[in-house]
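>>> pasting the sequence and the predicted model now:
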Amino acid sequence: MRRCLRFALPLIGAQLVHTGNGLADILVAGKLGRAEMAAAGVAAMLWFVSSLLCIGLLASLSPLLSERIGQRRFAAVGALFRQGLWLAVVLGGIATCLLMTFAWSLPLWGMQEELIPLIRQHSFTACWSLVPVAVVLTCRNLCEATQRSKPVFIVTLLGLIVNILGNLGLGLGWFGLPRLGLQGIGISTTLVSLSTMFMLLYLLRGKAYSRFKLFSQRQTPSPKDFMLILGLSTPIFFALVFESGLFAATMIQMGMLGTLQTAAHSLAMSATSFCYMFPLGLSFALTARVGQIYGRGPGQRSGASLQLRVQSGIWLTLLFAIITSLALVIFRHPVAALYTDDQSVQELAATLLLLAAIFQFSDGAQATLLGMLRGLQDVRVPVLINAFSYWAVAFGVGAWLAHKTSLGAHGLWIGLICGLTISAAALGLRLWWITNRFAATPKLA
(Lines give C-alpha, C1' and ligand atoms only; values in the text may rest on other atoms or scores of the structure.)
Protein backbone atom coordinates (compact mmCIF):
# COMPACT_ATOMS: atom_id res chain seq x y z
CA MET A 1 0.00 0.00 0.00
CA ARG A 2 2.87 2.39 0.76
CA ARG A 3 4.49 1.68 -2.60
CA CYS A 4 1.22 2.21 -4.43
CA LEU A 5 0.42 5.37 -2.49
CA ARG A 6 3.89 6.84 -3.06
CA PHE A 7 3.34 6.57 -6.81
CA ALA A 8 -0.32 7.57 -6.68
CA LEU A 9 -0.08 10.69 -4.48
CA PRO A 10 1.45 12.99 -7.14
CA LEU A 11 -1.17 11.77 -9.62
CA ILE A 12 -3.91 12.39 -7.06
CA GLY A 13 -2.41 15.80 -6.39
CA ALA A 14 -2.36 16.54 -10.12
CA GLN A 15 -6.01 15.53 -10.45
CA LEU A 16 -6.98 17.68 -7.45
CA VAL A 17 -5.11 20.63 -8.90
CA HIS A 18 -6.71 19.99 -12.29
CA THR A 19 -10.11 20.04 -10.63
CA GLY A 20 -9.00 23.30 -9.06
CA ASN A 21 -9.17 24.73 -12.58
CA GLY A 22 -12.86 23.85 -12.75
CA LEU A 23 -13.35 25.14 -9.23
CA ALA A 24 -11.71 28.46 -10.12
CA ASP A 25 -13.93 28.70 -13.22
CA ILE A 26 -17.15 28.05 -11.33
CA LEU A 27 -16.19 30.38 -8.45
CA VAL A 28 -15.48 33.25 -10.83
CA ALA A 29 -18.69 32.50 -12.75
CA GLY A 30 -20.60 32.53 -9.45
CA LYS A 31 -19.36 36.07 -8.83
CA LEU A 32 -20.78 37.08 -12.21
CA GLY A 33 -24.32 35.87 -11.38
CA ARG A 34 -26.65 32.87 -11.09
CA ALA A 35 -27.17 32.55 -14.85
CA GLU A 36 -23.42 32.76 -15.49
CA MET A 37 -22.77 30.08 -12.87
CA ALA A 38 -25.35 27.76 -14.42
CA ALA A 39 -24.00 28.42 -17.93
CA ALA A 40 -20.43 27.79 -16.79
CA GLY A 41 -21.46 24.39 -15.43
CA VAL A 42 -23.10 23.39 -18.72
CA ALA A 43 -20.19 24.78 -20.78
CA ALA A 44 -17.67 22.88 -18.66
CA MET A 45 -19.63 19.67 -19.19
CA LEU A 46 -19.73 20.22 -22.97
CA TRP A 47 -15.97 20.86 -23.00
CA PHE A 48 -15.35 17.72 -21.00
CA VAL A 49 -17.56 15.57 -23.23
CA SER A 50 -15.67 16.86 -26.28
CA SER A 51 -12.32 16.19 -24.61
CA LEU A 52 -13.41 12.57 -24.02
CA LEU A 53 -12.51 11.89 -27.64
CA CYS A 54 -8.90 12.59 -26.65
CA ILE A 55 -9.03 11.13 -23.15
CA GLY A 56 -10.68 7.88 -24.24
CA LEU A 57 -8.87 7.21 -27.52
CA LEU A 58 -5.46 7.91 -25.99
CA ALA A 59 -6.15 5.99 -22.76
CA SER A 60 -4.58 2.76 -24.00
CA LEU A 61 -1.16 4.42 -24.18
CA SER A 62 -0.58 3.93 -20.45
CA PRO A 63 -1.16 0.12 -20.39
CA LEU A 64 0.58 -0.34 -23.76
CA LEU A 65 3.63 1.66 -22.67
CA SER A 66 3.63 -0.11 -19.29
CA GLU A 67 3.60 -3.46 -21.07
CA ARG A 68 6.67 -2.49 -23.13
CA ILE A 69 8.47 -1.25 -20.03
CA GLY A 70 7.69 -4.56 -18.31
CA GLN A 71 9.21 -6.29 -21.35
CA ARG A 72 12.20 -3.85 -21.18
CA ARG A 73 11.63 -2.78 -24.79
CA PHE A 74 12.68 0.83 -24.21
CA ALA A 75 13.13 1.86 -27.86
CA ALA A 76 9.58 0.64 -28.56
CA VAL A 77 8.34 2.96 -25.79
CA GLY A 78 9.73 6.00 -27.62
CA ALA A 79 8.37 4.88 -30.97
CA LEU A 80 4.86 4.35 -29.58
CA PHE A 81 5.00 7.71 -27.77
CA ARG A 82 5.77 9.54 -31.01
CA GLN A 83 2.83 7.86 -32.71
CA GLY A 84 0.71 8.93 -29.75
CA LEU A 85 1.67 12.56 -30.40
CA TRP A 86 0.57 12.32 -34.03
CA LEU A 87 -2.70 10.74 -33.00
CA ALA A 88 -3.20 13.43 -30.33
CA VAL A 89 -3.07 16.22 -32.92
CA VAL A 90 -5.68 14.48 -35.06
CA LEU A 91 -8.02 13.74 -32.16
CA GLY A 92 -7.63 17.25 -30.72
CA GLY A 93 -8.71 18.77 -34.02
CA ILE A 94 -11.79 16.55 -34.19
CA ALA A 95 -12.68 17.40 -30.56
CA THR A 96 -12.44 21.12 -31.36
CA CYS A 97 -14.99 20.76 -34.16
CA LEU A 98 -17.22 18.68 -31.88
CA LEU A 99 -17.36 21.34 -29.15
CA MET A 100 -18.20 24.06 -31.66
CA THR A 101 -21.00 21.86 -33.02
CA PHE A 102 -22.39 21.37 -29.51
CA ALA A 103 -22.41 25.12 -28.94
CA TRP A 104 -24.22 25.89 -32.18
CA SER A 105 -26.87 23.20 -31.59
CA LEU A 106 -27.89 24.32 -28.08
CA PRO A 107 -31.32 25.70 -29.16
CA LEU A 108 -32.30 22.17 -30.24
CA TRP A 109 -31.75 20.78 -26.73
CA GLY A 110 -34.55 22.58 -24.93
CA MET A 111 -32.05 24.67 -22.95
CA GLN A 112 -33.35 27.87 -21.35
CA GLU A 113 -32.87 30.87 -23.63
CA GLU A 114 -30.91 32.98 -21.15
CA LEU A 115 -28.19 30.33 -20.86
CA ILE A 116 -27.46 29.77 -24.56
CA PRO A 117 -25.42 32.93 -25.38
CA LEU A 118 -23.46 32.58 -22.14
CA ILE A 119 -22.55 28.95 -22.87
CA ARG A 120 -21.43 29.92 -26.36
CA GLN A 121 -19.16 32.68 -25.04
CA HIS A 122 -17.20 30.10 -23.08
CA SER A 123 -17.24 27.31 -25.68
CA PHE A 124 -16.07 29.37 -28.65
CA THR A 125 -12.91 30.45 -26.78
CA ALA A 126 -12.22 27.26 -24.79
CA CYS A 127 -12.42 25.01 -27.88
CA TRP A 128 -8.88 26.00 -28.95
CA SER A 129 -7.50 24.27 -25.86
CA LEU A 130 -8.36 20.77 -27.06
CA VAL A 131 -5.36 20.08 -29.34
CA PRO A 132 -2.83 20.97 -26.62
CA VAL A 133 -4.92 18.99 -24.12
CA ALA A 134 -4.54 15.89 -26.32
CA VAL A 135 -0.76 16.36 -26.43
CA VAL A 136 -0.69 16.78 -22.64
CA LEU A 137 -2.62 13.52 -22.24
CA THR A 138 -0.04 11.67 -24.35
CA CYS A 139 2.78 13.03 -22.19
CA ARG A 140 0.87 12.14 -19.01
CA ASN A 141 0.34 8.57 -20.16
CA LEU A 142 4.09 8.21 -20.60
CA CYS A 143 4.79 9.65 -17.14
CA GLU A 144 2.27 7.27 -15.59
CA ALA A 145 3.65 4.25 -17.43
CA THR A 146 7.18 5.03 -16.24
CA GLN A 147 5.88 5.63 -12.67
CA ARG A 148 7.35 9.16 -12.68
CA SER A 149 4.36 11.13 -11.53
CA LYS A 150 5.96 14.19 -9.90
CA PRO A 151 6.43 16.13 -13.20
CA VAL A 152 2.69 15.76 -13.85
CA PHE A 153 1.87 17.29 -10.48
CA ILE A 154 4.33 20.18 -10.82
CA VAL A 155 3.18 21.13 -14.31
CA THR A 156 -0.51 20.88 -13.38
CA LEU A 157 0.08 23.11 -10.35
CA LEU A 158 1.74 25.76 -12.50
CA GLY A 159 -1.20 25.51 -14.90
CA LEU A 160 -3.62 26.20 -12.04
CA ILE A 161 -1.74 29.40 -11.20
CA VAL A 162 -2.04 30.50 -14.84
CA ASN A 163 -5.77 29.71 -14.78
CA ILE A 164 -6.47 31.63 -11.57
CA LEU A 165 -4.67 34.72 -12.84
CA GLY A 166 -6.39 34.41 -16.22
CA ASN A 167 -9.85 34.03 -14.68
CA LEU A 168 -9.39 37.00 -12.36
CA GLY A 169 -7.91 39.14 -15.09
CA LEU A 170 -10.04 38.24 -18.09
CA GLY A 171 -13.14 36.99 -16.28
CA LEU A 172 -13.57 39.66 -13.59
CA GLY A 173 -11.44 42.43 -15.10
CA TRP A 174 -8.67 42.50 -12.50
CA PHE A 175 -5.13 43.79 -13.17
CA GLY A 176 -6.45 46.43 -15.55
CA LEU A 177 -7.63 43.83 -18.09
CA PRO A 178 -11.04 43.93 -19.82
CA ARG A 179 -13.90 42.19 -17.99
CA LEU A 180 -14.90 39.50 -20.52
CA GLY A 181 -17.01 37.24 -18.26
CA LEU A 182 -17.39 33.66 -19.50
CA GLN A 183 -15.50 34.50 -22.67
CA GLY A 184 -12.49 35.42 -20.54
CA ILE A 185 -12.79 32.16 -18.58
CA GLY A 186 -12.69 30.27 -21.88
CA ILE A 187 -9.58 32.16 -23.01
CA SER A 188 -7.93 31.30 -19.70
CA THR A 189 -8.68 27.59 -20.30
CA THR A 190 -6.81 27.74 -23.61
CA LEU A 191 -3.84 29.54 -22.04
CA VAL A 192 -3.59 26.84 -19.35
CA SER A 193 -3.56 24.02 -21.91
CA LEU A 194 -0.88 25.67 -24.05
CA SER A 195 1.42 26.42 -21.10
CA THR A 196 1.01 22.90 -19.67
CA MET A 197 1.79 21.30 -23.03
CA PHE A 198 5.03 23.22 -23.52
CA MET A 199 6.20 22.55 -19.95
CA LEU A 200 5.61 18.78 -20.18
CA LEU A 201 7.32 18.47 -23.56
CA TYR A 202 10.32 20.32 -22.12
CA LEU A 203 10.49 18.03 -19.05
CA LEU A 204 10.33 14.89 -21.20
CA ARG A 205 13.62 15.90 -22.80
CA GLY A 206 15.39 15.37 -19.46
CA LYS A 207 17.81 12.60 -18.49
CA ALA A 208 15.15 10.58 -16.66
CA TYR A 209 13.55 9.73 -20.02
CA SER A 210 16.72 9.50 -22.14
CA ARG A 211 16.69 5.68 -22.38
CA PHE A 212 13.39 5.83 -24.25
CA LYS A 213 14.81 8.15 -26.98
CA LEU A 214 11.51 10.00 -27.17
CA PHE A 215 12.66 12.71 -29.59
CA SER A 216 15.72 11.04 -31.10
CA GLN A 217 14.24 10.71 -34.58
CA ARG A 218 11.46 12.02 -36.74
CA GLN A 219 8.68 9.58 -37.37
CA THR A 220 5.82 9.79 -39.83
CA PRO A 221 2.32 8.70 -38.80
CA SER A 222 1.92 4.92 -38.85
CA PRO A 223 -1.59 3.58 -39.54
CA LYS A 224 -0.50 0.26 -38.00
CA ASP A 225 0.43 1.92 -34.70
CA PHE A 226 -2.72 4.05 -34.81
CA MET A 227 -4.79 0.87 -35.09
CA LEU A 228 -2.88 -0.71 -32.21
CA ILE A 229 -3.64 2.28 -29.95
CA LEU A 230 -7.23 2.68 -31.11
CA GLY A 231 -7.93 -1.06 -30.93
CA LEU A 232 -7.46 -1.04 -27.17
CA SER A 233 -8.66 2.53 -26.67
CA THR A 234 -11.99 2.31 -28.46
CA PRO A 235 -13.76 0.25 -25.76
CA ILE A 236 -12.24 2.56 -23.12
CA PHE A 237 -13.55 5.54 -25.06
CA PHE A 238 -17.07 4.15 -25.20
CA ALA A 239 -16.96 3.36 -21.49
CA LEU A 240 -16.05 6.99 -20.81
CA VAL A 241 -18.71 8.20 -23.23
CA PHE A 242 -21.36 6.15 -21.45
CA GLU A 243 -20.30 7.53 -18.07
CA SER A 244 -19.69 11.15 -19.03
CA GLY A 245 -22.66 11.15 -21.37
CA LEU A 246 -24.77 10.17 -18.39
CA PHE A 247 -23.49 13.17 -16.41
CA ALA A 248 -24.02 15.44 -19.42
CA ALA A 249 -27.58 14.14 -19.81
CA THR A 250 -28.13 14.79 -16.10
CA MET A 251 -26.90 18.36 -16.52
CA ILE A 252 -29.22 18.88 -19.48
CA GLN A 253 -32.17 17.53 -17.50
CA MET A 254 -31.27 19.95 -14.69
CA GLY A 255 -31.41 22.72 -17.28
CA MET A 256 -34.94 21.59 -18.11
CA LEU A 257 -35.95 21.69 -14.42
CA GLY A 258 -34.79 25.29 -14.01
CA THR A 259 -31.90 27.68 -13.41
CA LEU A 260 -31.98 27.07 -9.63
CA GLN A 261 -31.62 23.31 -10.04
CA THR A 262 -28.89 23.74 -12.67
CA ALA A 263 -26.86 26.10 -10.48
CA ALA A 264 -27.19 23.86 -7.40
CA HIS A 265 -26.29 20.77 -9.41
CA SER A 266 -23.24 22.53 -10.91
CA LEU A 267 -22.12 23.43 -7.40
CA ALA A 268 -22.63 19.93 -5.98
CA MET A 269 -21.06 18.25 -8.99
CA SER A 270 -18.02 20.50 -8.78
CA ALA A 271 -17.48 19.53 -5.14
CA THR A 272 -18.07 15.86 -5.93
CA SER A 273 -15.67 15.98 -8.87
CA PHE A 274 -13.01 17.31 -6.51
CA CYS A 275 -13.49 14.25 -4.26
CA TYR A 276 -13.50 11.93 -7.28
CA MET A 277 -9.92 12.92 -8.06
CA PHE A 278 -8.67 10.71 -5.20
CA PRO A 279 -9.84 7.39 -6.71
CA LEU A 280 -9.19 8.63 -10.24
CA GLY A 281 -5.54 9.45 -9.52
CA LEU A 282 -5.23 6.12 -7.74
CA SER A 283 -6.71 4.34 -10.77
CA PHE A 284 -3.99 5.79 -13.04
CA ALA A 285 -1.32 4.43 -10.71
CA LEU A 286 -2.99 1.02 -10.53
CA THR A 287 -3.25 0.81 -14.33
CA ALA A 288 0.52 1.27 -14.64
CA ARG A 289 1.41 -1.06 -11.74
CA VAL A 290 -0.88 -3.84 -12.93
CA GLY A 291 0.16 -3.22 -16.55
CA GLN A 292 3.81 -3.83 -15.78
CA ILE A 293 2.93 -7.18 -14.19
CA TYR A 294 0.92 -8.03 -17.30
CA GLY A 295 3.84 -7.07 -19.56
CA ARG A 296 6.22 -9.55 -17.93
CA GLY A 297 4.66 -12.34 -19.97
CA PRO A 298 3.00 -15.64 -18.95
CA GLY A 299 6.24 -17.20 -17.80
CA GLN A 300 7.23 -14.35 -15.47
CA ARG A 301 3.88 -13.13 -14.11
CA SER A 302 3.21 -13.62 -10.42
CA GLY A 303 -0.36 -14.22 -9.34
CA ALA A 304 0.50 -13.24 -5.77
CA SER A 305 2.09 -10.01 -6.96
CA LEU A 306 -1.00 -9.15 -8.99
CA GLN A 307 -3.37 -9.93 -6.14
CA LEU A 308 -1.29 -7.83 -3.74
CA ARG A 309 -1.55 -4.81 -6.03
CA VAL A 310 -5.28 -5.35 -6.50
CA GLN A 311 -5.98 -5.74 -2.78
CA SER A 312 -3.92 -2.68 -1.83
CA GLY A 313 -5.82 -0.66 -4.45
CA ILE A 314 -9.19 -1.75 -3.06
CA TRP A 315 -8.24 -0.87 0.53
CA LEU A 316 -6.96 2.55 -0.52
CA THR A 317 -10.18 3.16 -2.46
CA LEU A 318 -12.27 2.38 0.60
CA LEU A 319 -10.12 4.66 2.76
CA PHE A 320 -10.48 7.57 0.37
CA ALA A 321 -14.26 7.05 0.10
CA ILE A 322 -14.69 7.16 3.88
CA ILE A 323 -12.67 10.39 4.15
CA THR A 324 -14.40 12.23 1.31
CA SER A 325 -17.93 11.14 2.29
CA LEU A 326 -17.43 12.34 5.87
CA ALA A 327 -16.02 15.64 4.60
CA LEU A 328 -19.06 16.22 2.37
CA VAL A 329 -21.51 15.51 5.20
CA ILE A 330 -19.73 17.69 7.75
CA PHE A 331 -18.82 20.64 5.51
CA ARG A 332 -21.74 20.65 3.06
CA HIS A 333 -23.08 24.07 4.13
CA PRO A 334 -19.69 25.87 4.17
CA VAL A 335 -18.88 24.32 0.79
CA ALA A 336 -22.14 25.56 -0.71
CA ALA A 337 -21.56 29.06 0.75
CA LEU A 338 -18.10 29.11 -0.79
CA TYR A 339 -19.53 28.98 -4.30
CA THR A 340 -22.38 31.46 -4.14
CA ASP A 341 -24.20 33.97 -1.95
CA ASP A 342 -27.59 32.87 -3.32
CA GLN A 343 -29.38 31.31 -0.32
CA SER A 344 -31.77 29.16 -2.36
CA VAL A 345 -28.90 27.67 -4.37
CA GLN A 346 -26.99 26.98 -1.15
CA GLU A 347 -29.89 25.12 0.44
CA LEU A 348 -30.59 22.88 -2.53
CA ALA A 349 -26.89 22.18 -3.10
CA ALA A 350 -26.40 21.19 0.55
CA THR A 351 -29.07 18.49 0.24
CA LEU A 352 -27.48 17.21 -2.99
CA LEU A 353 -24.13 16.98 -1.21
CA LEU A 354 -25.69 14.53 1.26
CA LEU A 355 -26.45 12.26 -1.66
CA ALA A 356 -22.93 12.90 -2.95
CA ALA A 357 -21.56 11.38 0.27
CA ILE A 358 -23.21 8.05 -0.64
CA PHE A 359 -22.00 8.55 -4.19
CA GLN A 360 -18.33 8.42 -3.08
CA PHE A 361 -18.24 4.67 -2.44
CA SER A 362 -19.69 3.40 -5.70
CA ASP A 363 -18.09 6.05 -7.93
CA GLY A 364 -14.65 5.56 -6.37
CA ALA A 365 -14.86 1.78 -6.57
CA GLN A 366 -15.83 1.68 -10.23
CA ALA A 367 -12.99 4.11 -11.10
CA THR A 368 -10.21 2.04 -9.53
CA LEU A 369 -11.67 -1.27 -10.69
CA LEU A 370 -11.72 0.03 -14.26
CA GLY A 371 -8.11 1.18 -13.88
CA MET A 372 -6.94 -2.27 -12.81
CA LEU A 373 -8.88 -3.99 -15.58
CA ARG A 374 -7.28 -1.65 -18.13
CA GLY A 375 -3.87 -2.57 -16.79
CA LEU A 376 -4.78 -6.18 -17.63
CA GLN A 377 -5.95 -4.95 -21.06
CA ASP A 378 -9.48 -6.18 -20.32
CA VAL A 379 -11.65 -3.45 -21.81
CA ARG A 380 -14.50 -5.03 -23.80
CA VAL A 381 -16.59 -6.59 -21.03
CA PRO A 382 -16.31 -3.47 -18.79
CA VAL A 383 -17.78 -1.29 -21.54
CA LEU A 384 -20.86 -3.54 -21.67
CA ILE A 385 -21.18 -3.34 -17.89
CA ASN A 386 -21.01 0.45 -18.06
CA ALA A 387 -23.53 0.69 -20.87
CA PHE A 388 -26.14 -1.23 -18.90
CA SER A 389 -25.41 0.32 -15.50
CA TYR A 390 -25.30 3.92 -16.65
CA TRP A 391 -28.08 4.10 -19.20
CA ALA A 392 -30.52 1.30 -18.35
CA VAL A 393 -30.29 1.89 -14.60
CA ALA A 394 -28.87 5.33 -13.74
CA PHE A 395 -30.50 7.30 -16.56
CA GLY A 396 -33.77 5.37 -16.50
CA VAL A 397 -34.26 5.51 -12.73
CA GLY A 398 -33.09 9.12 -12.49
CA ALA A 399 -35.27 10.43 -15.30
CA TRP A 400 -38.35 8.68 -13.93
CA LEU A 401 -37.81 9.97 -10.38
CA ALA A 402 -37.05 13.51 -11.57
CA HIS A 403 -39.94 13.97 -13.97
CA LYS A 404 -42.61 11.56 -12.71
CA THR A 405 -42.29 12.15 -8.98
CA SER A 406 -41.78 15.17 -6.74
CA LEU A 407 -38.09 14.39 -6.16
CA GLY A 408 -36.86 16.62 -9.00
CA ALA A 409 -33.09 17.21 -8.80
CA HIS A 410 -32.76 14.69 -5.98
CA GLY A 411 -34.26 11.98 -8.19
CA LEU A 412 -31.54 12.43 -10.79
CA TRP A 413 -28.87 11.97 -8.12
CA ILE A 414 -30.56 8.85 -6.72
CA GLY A 415 -30.47 7.40 -10.23
CA LEU A 416 -26.73 8.10 -10.45
CA ILE A 417 -26.13 6.28 -7.16
CA CYS A 418 -28.11 3.22 -8.30
CA GLY A 419 -26.30 2.93 -11.63
CA LEU A 420 -22.80 3.41 -10.25
CA THR A 421 -23.41 0.90 -7.47
CA ILE A 422 -24.40 -1.80 -9.95
CA SER A 423 -21.41 -0.92 -12.13
CA ALA A 424 -18.98 -1.22 -9.21
CA ALA A 425 -20.40 -4.60 -8.14
CA ALA A 426 -20.21 -6.05 -11.66
CA LEU A 427 -16.69 -4.73 -12.30
CA GLY A 428 -15.57 -6.18 -8.96
CA LEU A 429 -16.82 -9.61 -9.98
CA ARG A 430 -15.05 -9.27 -13.34
CA LEU A 431 -11.73 -8.38 -11.72
CA TRP A 432 -12.07 -11.22 -9.21
CA TRP A 433 -12.61 -13.70 -12.05
CA ILE A 434 -9.60 -12.46 -14.03
CA THR A 435 -7.17 -12.35 -11.11
CA ASN A 436 -8.11 -15.91 -10.17
CA ARG A 437 -6.89 -17.02 -13.60
CA PHE A 438 -3.34 -16.13 -12.62
CA ALA A 439 -1.51 -18.94 -10.86
CA ALA A 440 -0.66 -17.77 -7.33
CA THR A 441 3.02 -17.85 -6.36
CA PRO A 442 4.81 -16.60 -3.22
CA LYS A 443 6.65 -13.94 -5.24
CA LEU A 444 5.67 -10.37 -4.27
CA ALA A 445 6.08 -7.08 -6.17
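Cool, got the structure.
>>> ok, residue 19 touching residue 274?
Yes: between residue 19 and residue 274 there is a contact at 4.7 Å, judged by Cβ atoms under 8 Å. (Each C-beta comes from the backbone N, C-alpha and C, glycine too.)
>>> where do the helices sit along the stretch 51-200 of the chain?
Using DSSP state H, counting those that start in this stretch, the helices found in the stretch 51-200 of the chain span residues 61-70, 74-104, 116-126, 130-145, 150-166, 182-203.
>>> could I get those helices in CSV, plus columns for distance to residue 437, mean neighbour count and mean pLDDT?
Formatted as CSV, the helices of the stretch 51-200 of the chain follow (distance: least, Cβ to Cβ, whole Å; neighbours: other Cβ atoms under 10 Å; pLDDT from 0 to 100):
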stretch, distance to residue 437, mean neighbour count, mean pLDDT
helix 61-70, 17, 25, 86
helix 74-104, 26, 19, 93
helix 116-126, 44, 22, 90
helix 130-145, 24, 26, 93
helix 150-166, 32, 20, 91
helix 182-203, 37, 22, 93
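>>> would you turn those into a markdown table with distance to residue 209?
A markdown table is the format used below for those (distance: least, Cβ to Cβ, whole Å):
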| stretch | distance to residue 209 |
| --- | --- |
| helix 61-70 | 12 |
| helix 74-104 | 9 |
| helix 116-126 | 30 |
| helix 130-145 | 8 |
| helix 150-166 | 9 |
| helix 182-203 | 8 |
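>>> and residue 422, which of these is closest to it?
For these, proximity to residue 422 was assessed by Cβ to Cβ; helix 61-70 is nearest, at 25.1 Å.
>>> how far off centre is that closest one?
20 Å (Cα atoms, centre = their mean, to the nearest Å).
>>> just checking, what packs against that helix?
Counting contacts by 3 or more Cβ pairs under 8 Å, 6 or more residues apart in numbering; DSSP states H and E, helix 61-70 is packed against helix 74-104, helix 130-145, helix 223-257, helix 259-295, helix 343-375.
>>> got the angle between the next helix or strand after the longest one and helix 343-375?
In this case it means helix 259-295. Where DSSP states H and E defines the elements, the next helix or strand beyond helix 259-295 is helix 303-330. Comparing the axes of helix 303-330 and helix 343-375 via axes from the mean of the first three to the mean of the last three Cα atoms, to 10 degrees yields an angle of 180 degrees.
>>> buried residues, helix 303-330. List them.
Neighbour counts over helix 303-330 (16 or more other Cβ atoms under 10 Å) mark 303, 305-306, 308-310, 312-314, 316-317, 320-321, 324-325, 327-328 as buried.
>>> with stretch 1-16 instead?
Here stretch 1-16 shows 4, 7, 8, 9, 10, 11, 12, 13, 14, 15, 16 as buried, counting by 16+ other Cβ under 10 Å.
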